[in-house]
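S.K.: 3D, please:
(one chain, ligands or ions: 2)
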Amino acid sequence: MKDETKSADEIFKEFKEHSITEFFRRNSQMLGYAGKVRSLTTIVHEYVTNSLDAAEEAGILPEIEVKVKELGENRYSVYVKDNGPGIPSKVVGKALASVLTGTKFHRYMQQRGQQGIGAGGCTIFALITTGKGIHVKSGTGKEAYECDLSIDIKGNKPLINNLTTIANTFRGLVVEGEFGDVKYEKSEHGVYEYVRRTALTNPHTTIKLVEPDGNEAVFPRSAQTLPKKPKEINPHPLGISTSDLLDFARASQSRKVTSFLVESFARVSQDKVKELASLVKDVDFEKDPKELTWSDSEKIVNGFKQVKWIAPDLDSLSTVGEKQIEVAMQNILDPKFISVVERKPKVFKGGIPFVVEVGIAYGGKAGRANGETVAGSILRFANKVPLLFDTGSCAITEAVNGIEWRRYSIARFEEEPVSVLVNVSSVYIPYSGVGKQAIAQEDEIIEEIKLAVMETGRKLQRYLSGERQRNVQESGYKTIMRYVSQLSADLEEITGKKKEETEKELRSLIERKYKNLFNEAQNES
Ligand SMILES: Nc1ncnc2c1ncn2[C@@H]1O[C@H](COP(=O)(O)OP(=O)(O)O)[C@@H](O)[C@H]1O
Ligand SMILES: [Mg+2]
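M.R.: Ligands and ions are numbered 1, 2, ... in the order given. Predicted coordinates:
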């Protein structure tokens, strides 16, 4: 028999280090590249969220244009242009053609992007499906240029080619790329729906989509002011996990664990650190925070839970706003009825602030097409970004499906023209998967969504029952009116009174009885 054993030396001859880009190339499903339709939506999502973040940070009302062209089977080009601050040429490679790079790292602030894998992920996806990088045009005010960007995947290094300066009149960023293994579909999960929903929660944005068939869909802004700027805050000790704490410790400039805790976290004072140190005895609070071990970090996080803290600052959140949602829903869904509520900020896991907004629309274009009929539709958002995938595992779906819709005069949610928009905002959205398409089912979050939906639901119920009463009256009125003419003629035979006269009197009598109906109809029009 052949000897099948191998020595460690032989085995480890194969030992290699992979670059982070290489890792994402092999695991692109982690970035949302799974399925042709989803992959295309992911690309548009990454570029559009970047444009929104950048324009808002620069204090510019965003104007975004998305163009998708079909180039061949499962092959499309995507073009996204914005009027934001642009990217300086010396960092454009790092920003758009490498991963884990960006301006939003270690910043505890409510923004759409955070991890620095969005734009680089798109470039990797372009490379692995077409072999081509992306083309960029940028104008910052100081300079304007165009270039081609690619990635040295093994080294996670950006490659910049054909860098040329252009007339310094262009402001903003254009990214353009060719992608394979993608498909344009006008479905619940497609780019059109993504753009439409983006318009619903970003009413300060004008967004235009040119579809592969040439159709142009424009969603003009309905709000002329930027949303309140989210504030950068330090995380609250109760909202922190062991690995978060270690991440923060590694990024910290502080020399001692004590000062690191005071400087990096909200509500942590010298006194609180002393109290903590007395609870967590076997951790050296005088050492360099970079020397904290996993076990130290775990002990500190457990210690945090035993100290009484002042609640976190709730001022860090940026919502769409009740009025804003109402106007956007009115413009886009053109419903018969809308009710919107923004709840007060709350806290989950003891230390992470979040806030829920809900809008209900009924009638008009509300709901979603379901064959020949219309079904209720749940429009999910996290920090104003539409969530189109992984519906089943999301806290929003769970909360909305848990509502007893009968109580709100909706016999079957699945059969009514109703749209329920739910936006959850937080510095730290607890996503339930790597694709960031579903919110984890935290009890406090589900509860808040339910309360908000119930509040809007009660108003919907009042509207629908009023509406039903009107319908009953209306059909009563119509039935009686149908007999008026015949009755008046018969009465002429019996009483000799002229049919026209009787008919006129009867009509005014009936109209007086049903005057509510006419008043309401007049008020509405
Ligand atoms: N349209 C844009 N305008 C200006 N800067 C941008 C734009 N898109 C991307 N960037 C910059 O590139 C960085 C990396 O983007 P990305 O990889 O999507 O990561 P993230 O959005 O998580 O920070 C951003 O942090 C930002 O600094
Ligand atoms: Mg991003």
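
S.K.: phi, psi of the residue in the stretch 351-500 of the chain that ligand 2 sits nearest to?
M.R.: Of the residues in the stretch 351-500 of the chain, the one nearest ligand 2 is residue 385, at a distance of 10.2 Å by Cβ to the ion. From N, CA and C alone the C-beta is placed, and that goes for glycine too. In terms of degrees, to the nearest 10, the main-chain angles of residue 385 are phi -100, psi 130.

S.K.: Measure how buried the residue nearest to it when sequence neighbours are not counted is and give me the count.
M.R.: If the residues on either side of it in the chain are set aside, residue 385 comes closest to residue 112, at 5.3 Å by Cβ to Cβ, 6 or more residues apart in numbering. Here the neighbour count serves as a burial measure; for residue 112 (other Cβ atoms under 10 Å) it reads 21.

S.K.: For the remainder of this discussion, apply numbering that starts at 10.
M.R.: Taking 10 as the first residue, the last one we looked at is residue 121.

S.K.: so what secondary structure elements neighbour the strand or helix carrying residue 407?
M.R.: Using DSSP states H and E, residue 407 falls within helix 404-410. For helix 404-410, the helices and strands in contact under the criterion 3 or more Cβ pairs under 8 Å, 6 or more residues apart in numbering; DSSP states H and E are strand 386-391, strand 427-435, helix 452-504.

S.K.: winner for burial among the ones you listed?
M.R.: Using mean count of other Cβ atoms under 10 Å, the stretch among the helices and strands packed on helix 404-410 with the greatest mean number of neighbours is strand 427-435 (a mean of 26).

S.K.: List the neighbouring strands of that one plus their orientation.
M.R.: Neighbouring strands of strand 427-435 in its sheet, by DSSP bridges, are strand 361-371 (antiparallel), strand 386-391 (parallel).

S.K.: Okay, angle between it and helix 452-504 too, please.
M.R.: 160 degrees (axes from the mean of the first three to the mean of the last three Cα atoms, to 10 degrees).

S.K.: before we move on, the earlier item: between the strands paired with strand 427-435, which gets nearest to ligand 1?
M.R.: The minimum distance between ligand 1 and the strands paired with strand 427-435 falls on strand 386-391, with 14.0 Å, by Cβ to the nearest ligand atom.

S.K.: pLDDT of that closest one, averaged?
M.R.: For strand 386-391, the mean pLDDT works out to 97.

S.K.: Can you give the contact residues for that strand?
M.R.: Taking contacts as Cβ atoms under 8 Å, 6 or more residues apart in numbering, the residues outside strand 386-391 that touch it are 206, 209-210, 375-377, 395-396, 400, 403, 405-406, 409, 427-435, 438, 440, 445, 448.

S.K.: That strand near ligand 1 anywhere?
M.R.: No: using Cβ under 6 Å from any ligand atom, no contact is recorded between strand 386-391 and ligand 1, whose separation bottoms out at 14.0 Å.

S.K.: and the helix or strand just after that strand, is it in reach of ligand 1?
M.R.: Of the helices and strands lying after strand 386-391 in sequence (DSSP H and E), the nearest is strand 394-395. No: with Cβ under 6 Å from any ligand atom as the measure, strand 394-395 is seen stopping short of ligand 1, the closest distance being 11.2 Å.

S.K.: Paired strands for strand 394-395, with orientation please.
M.R.: Strands adjacent to strand 394-395 in the sheet, as given by DSSP bridges, are strand 386-391 (antiparallel).

S.K.: so how far is the partner strand off the chain centroid?
M.R.: 8 Å (Cα atoms, centre = their mean, to the nearest Å).

S.K.: can you check stretch 483-493 too?
M.R.: Using Cα atoms, centre = their mean, we find the averaged C-alpha position of stretch 483-493 to lie 50 Å away from the chain's own average C-alpha position.

S.K.: I'd like the average pLDDT over that stretch.
M.R.: The average pLDDT for stretch 483-493 rounds to 85.

S.K.: which residues sit against the helix holding residue 407?
M.R.: For helix 404-410, contacts defined as Cβ under 8 Å, 6+ apart pick out 387, 389, 396, 400, 422, 429, 431, 433, 447-451, 454-456, 458-459, 462.

S.K.: how does it look with 10 Å?
M.R.: Applying Cβ atoms under 10 Å, 6 or more residues apart in numbering, the contact partners of helix 404-410 are 365, 367, 385-391, 396, 399-401, 403, 422, 429-433, 438-439, 441, 447-463.

S.K.: now whatever residue of the stretch 210-359 of the chain ends up closest to ligand 1, nearest residue through space, not along the chain?
M.R.: Across the stretch 210-359 of the chain, the shortest distance to ligand 1 (Cβ to the nearest ligand atom) belongs to residue 214, at 13.0 Å. Leaving aside its sequence neighbours, residue 214 sits nearest to residue 71 (Cβ to Cβ, 6+ apart; 4.4 Å).

S.K.: for that neighbour, what are its contacts?
M.R.: Applying Cβ under 10 Å, 6+ apart, the residues contacting residue 71 are 57, 60-65, 91-93, 181, 211, 213-216, 230, 235.

S.K.: So which of these are in strands?
M.R.: 91, 181, 215-216 (DSSP state E).

S.K.: out of those residues, what pair is the most spread apart?
M.R.: Taking Cβ to Cβ as the measure, these reach their widest spread between 181 and 216, a distance of 13.8 Å.

S.K.: Overlap in contacts, the two.
M.R.: Between them, residue 181 and residue 216 share the contacting residues 60, 71-74, 91, judged by Cβ under 10 Å, 6+ apart.

S.K.: List, out of those, those positioned next to ligand 1.
M.R.: Among these, the residues that sit close to ligand 1 (Cβ under 6 Å from any ligand atom) are 60, 91.

S.K.: Identify the farthest-apart pair in the shared contacts of residue 181 and residue 216.
M.R.: Largest pairwise distance in these, by Cβ to Cβ, is 10.7 Å, between 71 and 74.

S.K.: Find the residues that touch each one of the two.
M.R.: With contacts taken as Cβ under 10 Å, 6+ apart, residue 71 and residue 74 have 60, 91-92, 181, 215-216 as neighbours in common.

S.K.: and the stretch 160-309 of the chain, which residues reach ligand 1?
M.R.: Selection of the stretch 160-309 of the chain residues close to ligand 1 by Cβ under 6 Å from any ligand atom yields residue 182.

S.K.: quick one: the helices in the stretch 160-309 of the chain?
M.R.: Taking DSSP state H, counting those that start in this stretch as the test, the helices found in the stretch 160-309 of the chain are 200-210, 251-260, 266-273, 279-288, 303-313.

S.K.: Can you tell me which of the ones you listed is most buried?
M.R.: Neighbour counts averaged per stretch over the helices of the stretch 160-309 of the chain are highest for helix 200-210, at a mean of 23; criterion: mean count of other Cβ under 10 Å.

S.K.: Close to ligand 2: what parts of this protein are there?
M.R.: 59, 122, 127 (Cβ under 5 Å from the ion).

S.K.: and ligand 1, which of the residues you listed reach it?
M.R.: Residues shared between the residues of the chain next to ligand 2 and the neighbourhood of ligand 1 are 59, 122, 127 [Cβ under 6 Å from any ligand atom].

S.K.: Point out the ones among the residues you listed that are inside helices.
M.R.: 59, 127 (DSSP state H).

S.K.: Please convert the shared contacts of residue 71 and residue 74 to TSV, extending it with pLDDT and neighbour count.
M.R.: Written out in TSV, the entries for the shared contacts of residue 71 and residue 74 read as follows (pLDDT from 0 to 100; neighbours: other Cβ atoms under 10 Å):
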residue	pLDDT	neighbour count
60	97	26
91	98	26
92	98	21
181	97	25
215	98	18
216	98	23
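
S.K.: What count of nearby residues applies to residue 122?
M.R.: Going by other Cβ under 10 Å, the residues that sit close to residue 122 add up to 20.

S.K.: from the residues of the chain next to ligand 2, which has minimum pLDDT?
M.R.: Taken together, the residues of the chain next to ligand 2 show their lowest pLDDT at residue 122, with 72.

S.K.: can I get the helices and strands packed on helix 404-410 in TSV with distance to residue 87?
M.R.: Putting the helices and strands packed on helix 404-410 into TSV (distance: least, Cβ to Cβ, whole Å) gives the following:
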stretch	distance to residue 87
strand 386-391	22
strand 427-435	26
helix 452-504	33
